[in-house]
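Undergrad: Have a look; sequence and predicted model below, questions after that.
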Amino acid sequence: MSDKEMRMAYVDTIVELAAKNKDIVVLEADLMSCTNTGVFKKAYPDRFFNCGIAEANMVGVAAGLSTLGKIPFASGFGCFSSRRVYDQFFLSANYAKLNVKLIGTDPGVTAAFNGGTHMPFEELALMRVIPKLTMIEPSDPVSCAAFVRLMVEEYGCHYLRIPRKPVPTLYSENETFKFGQAKVLKEGKDVCFVALGSLMVNQSLKAAEKLNEEGISAGVLDVLTLKPIDRDAILNQAGKVRAIISAENAQMMSGLGSAVAEILAENCCVSSSNCCKFARIGINDEFGEVGTQDYLVDRFGLDVGTMVKKAKELLK
């Protein structure tokens, strides 16, 4: 199946849903040319609000609309949808138990030429500690559209993390998804990559293929939702393989790597059948920088070569 822009998977889905649900509204922080939400504005001009370059205020407006029964989708670059709006999203939306859907685009190295100031490495860690928040990072356009639909159906606050640009399609249109349910893309007997997000899921598939060519049986688990995380799926893989490697386009501290480490540590204490070696792939306590995505992938150790090397080291 052909690649599709993730921003179009997002926008096309909310436009489709808005035709049947008049409570859906969209808010922007003057980035609609980047997120392509101008498509929604054209279809439903009275349900679109450009709040200007004032992301914290945008989240406050979204919270207010939620109190009126609306289902607000507020989008911006991931750096702004996390660091800049954190207090407003924490208190006005989550603490108040409202129904705000926050979208963060250009996660991690996908921010590319926007550089270190606009390169969100840390928002997974920030968002993960907000009580009851659902966190989603779909791996392809099909899963993105499916989770947007689920976000409308489920009352509560959600954080959706997506790149804007085209990514490979991994799932068929009839695939079903649930919050807290991971998907096994490839089974392995020696090592399993537990990956989050389009970039690292596809990197994991490539790394698994290279390892398999060298006689090492490698699998890939697509996490899809960091919170709630599919604990059972991770433990199931841990019971089948000799090593688990988490892979995320974000800081390893307090993100996916920490979540997987917590699951393994808590269960190794009570069951030796779930014990295996463990390592993390991700950003290691660094700030972002300017460059092409390919350069940044290599620069921060998210490349296939590093993943293959890490797997071999664990299996020695």
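TA: All right, it came through fine.

Undergrad: Give the next helix or strand downstream of the longest helix along the chain.
TA: Selection of the longest helix in the chain by residue count, based on DSSP state H, yields helix 198-213. Elements were assigned by DSSP states H and E; along the chain past helix 198-213, the next helix or strand is strand 218-222.

Undergrad: So for the next helix-or-strand element following that following strand, what gets flagged as buried?
TA: Using DSSP H and E, the helix or strand that directly follows strand 218-222 along the chain is strand 225-227. Using 16 or more other C-beta atoms under 10 Å as the test for burial, strand 225-227 gives Thr225, Leu226, Lys227. C-beta here means a position set from N, CA and C on the backbone, and glycine is covered the same way.

Undergrad: List of residues touching the very next helix or strand once past strand 225-227?
TA: Using DSSP H and E, the helix or strand that directly follows strand 225-227 along the chain is helix 231-238. When contacts are defined by C-beta atoms under 8 Å, 6 or more residues apart in numbering, helix 231-238 is touched by residues 181-182, 184, 192, 194, 219, 221, 244, 260, 263-264, 267, 274-276.

Undergrad: now, the most widely separated pair of those residues?
TA: With C-beta to C-beta as the measure, no two of the contacts of helix 231-238 lie farther apart than Gln181 and Cys275, at 24.3 Å.

Undergrad: about what we covered before: which single one of the buried residues of strand 225-227 is nearest to Glu123?
TA: Minimum separation from Glu123 among these (C-beta to C-beta) is found for Leu226, which lies at 10.8 Å.

Undergrad: which residues in the stretch 101-250 of the chain form strands?
TA: Per DSSP state E, counting those that start in this stretch, the stretch 101-250 of the chain carries strands over the ranges 101-105, 134-136, 158-162, 166-167, 183-186, 191-195, 218-222, 225-227, 243-251.

Undergrad: For the third one, name the packing helices and strands.
TA: Under the contact definition 3 or more C-beta pairs under 8 Å, 6 or more residues apart in numbering; DSSP states H and E, strand 158-162 sits against helix 6-18, strand 101-105, helix 123-128, strand 134-136, helix 141-153.

Undergrad: quick one, that strand and strand 243-251 angle?
TA: For strand 158-162 against strand 243-251, the angle by axes from the mean of the first three to the mean of the last three C-alpha atoms, to 10 degrees is 90 degrees.

Undergrad: Strand partners (parallel or antiparallel) of strand 158-162?
TA: In the sheet, strand 158-162 lines up against strand 101-105 (parallel), strand 134-136 (parallel) (DSSP bridges).

Undergrad: Which residues does it contact?
TA: Contacts for strand 158-162 (C-beta under 8 Å, 6+ apart): 6-7, 9-10, 78, 81, 100-105, 107, 123-124, 127, 133-138, 144, 147-148, 151, 197-198.

Undergrad: Quick one: find the helix or strand in the chain with the lowest mean pLDDT.
TA: Lowest on mean pLDDT, DSSP states H and E among the helices and strands of the chain sits helix 32-35, with a mean of 84.

Undergrad: other SSEs contacting that one?
TA: Contact here means 3+ C-beta pairs under 8 Å, 6+ apart; on that basis helix 32-35 packs against helix 6-18, strand 71-77, strand 101-105.

Undergrad: Can you list the neighbours in contact with the last one?
TA: When contacts are defined by C-beta under 8 Å, 6+ apart, strand 101-105 is touched by residues 7, 10, 34-35, 59, 62, 71-82, 85, 89, 93, 120, 123, 151-152, 157-164.

Undergrad: Return the distance of it from the chain's centre.
TA: Its chain's average C-alpha position is 10 Å from that of strand 101-105, according to C-alpha atoms, centre = their mean, to the nearest Å.

Undergrad: circling back to that earlier point, need the strands paired with strand 158-162 in CSV (columns: mean pLDDT and mean neighbour count).
TA: Conversion of the strands paired with strand 158-162 to CSV gives the following (pLDDT from 0 to 100; neighbours: other C-beta atoms under 10 Å):
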stretch, mean pLDDT, mean neighbour count
strand 101-105, 96, 26
strand 134-136, 98, 24
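
Undergrad: What I need now is the ones you listed written out in TSV, including distance to Ile283 for each item.
TA: Written out in TSV, the entries for those read as follows (distance: least, C-beta to C-beta, whole Å):
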stretch	distance to Ile283
strand 101-105	16
strand 134-136	17
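
Undergrad: returning to that earlier point: could you export the helices and strands packed on helix 32-35 as TSV, including distance to Gly282?
TA: Rendered in TSV, the data for those read as follows (distance: least, C-beta to C-beta, whole Å):
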stretch	distance to Gly282
helix 6-18	20
strand 71-77	20
strand 101-105	17
